[in-house]
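Engineer: Below: sequence and its predicted model.
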Amino acid sequence: MYSGKLIIYERKINPIVLKLKSEIYDSFLRELMEESKEFKGDSVSEVYGKISKWYYKNGVVFQY
């Protein structure tokens, strides 16, 4: 589980920034996942794609 902050800047390059902080305290995932992570992109969809790919790489799959 992560908590995050989505920031939208008024700039042309990577205006969308998502900063995540781990709240995993008692799971084996704590050893596998990073303590904090930052994703940047030109749109919310691009940032979502990056976070989805990062989770998948670490063995976590989003289900809709």
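Structural biologist: Ah, there it is. Numbers count the residues shown, from 1 in each chain.

Engineer: For the rest of this, base every contact and every neighbour count on C-alpha atoms.
Structural biologist: OK.

Engineer: so what's the spatially most central residue of the chain up against?
Structural biologist: Centroid check for the chain by Cα atoms, centre = their mean gives Ile51 as the closest residue, at 4.3 Å. Ile51 is in contact with Phe39, counting by Cα atoms under 8 Å, 6 or more residues apart in numbering.

Engineer: please renumber so the chain begins at 57
Structural biologist: New numbering, starting at 57: the last item is Ile107.

Engineer: May I ask you to confirm that it belongs to a helix?
Structural biologist: Yes - counting by DSSP: H, G, I helix; E, B strand; the rest coil, Ile107 is found in a helix.

Engineer: any idea which helix or strand comes after the helix or strand of the chain with the lowest mean pLDDT?
Structural biologist: Least confident helix or strand, the chain: helix 85-88 with a mean of 68, by mean pLDDT, DSSP states H and E. Following helix 85-88 in sequence order, the next helix or strand is strand 92-97 (DSSP states H and E).

Engineer: give me the low-pLDDT residue ranges for the chain?
Structural biologist: By pLDDT under 70, the weakly predicted segments of the chain are 83-86, 120.

Engineer: give me that answer again for 90
Structural biologist: For the chain, residues meeting the criterion pLDDT under 90 lie at 57-58, 78-91, 111-120.

Engineer: What residues does the residue nearest to Asp98 when sequence neighbours are not counted make contact with?
Structural biologist: Leaving aside its sequence neighbours, Asp98 sits nearest to Asn70 (Cα to Cα, 6 or more residues apart in numbering; 4.7 Å). By Cα under 8 Å, 6+ apart, Asn70 lies in contact with 96-99.

Engineer: Count the residues that sit near Asp98.
Structural biologist: By other Cα atoms under 10 Å, 15 other residues sit near Asp98.

Engineer: How much space separates it from Val116?
Structural biologist: Distance, Asp98 to Val116, using Cα to Cα, to the nearest Å: 24 Å.
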